[in-house]
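> Okay, sequence plus prediction incoming.
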Amino acid sequence: MSRKIEGVCRVCDKQTKLTFEHIPPRSSGNDHKVQLYSGVDCVKSSLFGLDSPDGEYVIQQQGMGFVRLCTDCNSLFGRHYVKPYVWLNKDVRSKAKSMRKEMPENGRGYVWLSLHEFMPLAFIKHVISNFCVIDSTGSMEDCREFLLDPESTALSGRYRLRMLIVPEPTKTCMSGWMVLLLGKPGGGIDTIRLACLLVPPFAFVLYDLEHSSLRLDLDGDITSMASIPSDQHPDIIMTLPVMSAQIAAIPAQWMLPTQSINVQ
């Protein structure tokens, strides 16, 4: 049974009893005991591929996730948004062996996925809702209407979402918003605000353009899924970056695409 505590729902902002939100969904296999580390040192360790610090951790019997959504939001998302995510998860896992065989020696490449009758709007809503759950700043209130209305295609232009494939087992890593500082060739500093979510076989990076001074040339950009109406289930061919577990284990290596930076 999911534990319930009193708090503010990360999506609808209501003060109520909160429920456990699995990240990734329980039906994708996230139903076993896990150790959940948190804190600044643990986040830094995960981002830069260091050994886990000897910090405190919580054992969660029901899988990875957080008690941060109200019952209504949890039920709404489960009914409308989980199915395409779980389906694509299973599809990628079924192809993981061949993906690993075709992986370039440097551990980076691309994979082409042919999706039949896919539900892109529901898929991206599920991912965005996960970022709302892990966000500790409460700064994603502009996603509320987009998430609470299954028909809405009004994702704020503030966001861009990048998706990568990890066809090998590796640790899960979830980060809230962080700001990367990049030196300009001629001097000065540029900033990029982003959050990352590594849940094999997927990795996602959410970029906040409103609070970044750079515009990125992103491979694996799936933001356009948010503009496809919910009653449209098109056949889609996706070209996504694929990376080895060794690279995925150090998110600092893939949060920015190698060809990325165009200075404003």
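On my side now, so go ahead. Please read these numbers as outputs of a predicted model, since none were measured by experiment.

> what about Gly176, which SS state?
Secondary structure, DSSP: H, G, I helix; E, B strand; the rest coil: Gly176 is coil.

> OK, contacts around it?
Ile134, Asp135, Ser136, Thr137, Ala195 (CB atoms under 8 Å, 6 or more residues apart in numbering). Just so you know, the C-beta spots here come from the backbone N, C-alpha and C atoms, and that holds for glycine as well.

> can you list these in a markdown table and add secondary structure and neighbour count?
A markdown table is the format used below for the contacts of Gly176 (DSSP: H, G, I helix; E, B strand; the rest coil; neighbours: other CB atoms under 10 Å):
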| residue | secondary structure | neighbour count |
| --- | --- | --- |
| Ile134 | helix | 21 |
| Asp135 | coil | 19 |
| Ser136 | coil | 10 |
| Thr137 | coil | 8 |
| Ala195 | strand | 21 |
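
> would you turn those residues into JSON lines with distance to Leu256 and pLDDT?
As requested, the contacts of Gly176 are arranged in JSON lines below (distance: CB to CB, whole Å; pLDDT from 0 to 100):
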{"residue": "Ile134", "distance to Leu256": "20", "pLDDT": "93"}
{"residue": "Asp135", "distance to Leu256": "20", "pLDDT": "92"}
{"residue": "Ser136", "distance to Leu256": "22", "pLDDT": "84"}
{"residue": "Thr137", "distance to Leu256": "21", "pLDDT": "85"}
{"residue": "Ala195", "distance to Leu256": "13", "pLDDT": "95"}
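
> got TSV for the residues you listed, with distance to Ile5 too?
Below are those laid out as TSV (distance: CB to CB, whole Å):
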residue	distance to Ile5
Ile134	17
Asp135	18
Ser136	16
Thr137	20
Ala195	23
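
> which one among those residues gets closest to Asn89?
Ile134 (18.2 Å; CB to CB).

> Buried residues of stretch 21-36, list them for me.
By neighbour count on 16 or more other CB atoms under 10 Å, the buried set for stretch 21-36 is Glu21, His22, Ile23, Pro24, Pro25, Arg26, Ser28, Asn30, Val34, Leu36.

> do the same with stretch 69-88
Buried, per 16+ other CB under 10 Å, within stretch 69-88: 69-70, 73-74, 76-78, 80-88.

> State the distance from Cys173 to Lys125.
Look at Cys173 and Lys125: by CB to CB, to the nearest Å, they are 22 Å apart.
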